[in-house]
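Undergrad: I would like to see how this sequence folds:
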Amino acid sequence: MACRISELVIDCADPGRLAAFWSEVLGYVELGREDDGSIEIGPPDVGFGGPQPTLVLSPSSDPRPAKLRLHIDVNATDRDQDAELQRLLALGAGRVDVGQTGTESWHVLADPEGNEFCLLRARLQPL
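TA: Prediction:
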């Protein structure tokens, strides 16, 4: 028997802002809100427990200590990498320099709170 990732929890200063950003990036919808201010987002019509993990944006006032030890990679499903890069930048992502050489096949970006993620080149089929 094995485990699978069901949800990813991201501590953040503004769960509403990040929930809106990541919902647009991933095509997710809000699944629920907790009394502590956490917001869970996930695939429409599937929610928690489906083939894709949900994201829980959890409020935290703790400062981010340094470069994250874990980051999210995303791939476009309905356009090429350049078009998806432009879409993500328009949504509020920013470019990040983590020491790339400029020859990588991916783009390093950050969400509106500075959490790094990568846009990979390969185009995936939507689920």
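Undergrad: could you list the low-pLDDT ranges of the protein?
TA: Applying pLDDT under 70 to the chain flags residues 1.
Undergrad: helices of that one, start to end?
TA: Taking DSSP state H, the helices of the chain run over residues 15-26, 81-91.
Undergrad: report the buried residues of stretch 90-105.
TA: G92, A93, V96 (16 or more other CB atoms under 10 Å). Where C-beta positions appear, they are placed from N, C-alpha and C, glycine not excepted.
Undergrad: the domain parsing of the protein - what is it?
TA: What automatic domain parsing lists as the domains of the chain is 7-61, 70-127.
Undergrad: show me the contacts for the residue nearest in space to the middle of the chain.
TA: The centre of the chain sits closest to W22, judged by CA atoms, centre = their mean, with a distance of 5.1 Å. With contact taken as CB atoms under 8 Å, 6 or more residues apart in numbering, W22 is in contact with Y28, I41, L55, L57, D111.
Undergrad: number of nearby residues for the residue nearest to the second one when sequence neighbours are not counted?
TA: Meaning I41. In this structure, I41 finds its nearest non-sequential neighbour in Y28, 4.2 Å apart by CB to CB, 6 or more residues apart in numbering. Look at Y28: counted by other CB atoms under 10 Å, it has 20 neighbours.
Undergrad: repeat that for the one 10 residues further on.
TA: Per other CB under 10 Å, the neighbour tally for S38 reads 19.
Undergrad: where along the protein do the strands fall?
TA: Counting by DSSP state E, the chain has strands at residues 7-12, 29-33, 39-42, 54-59, 72-74, 94-95, 107-110, 116-119.
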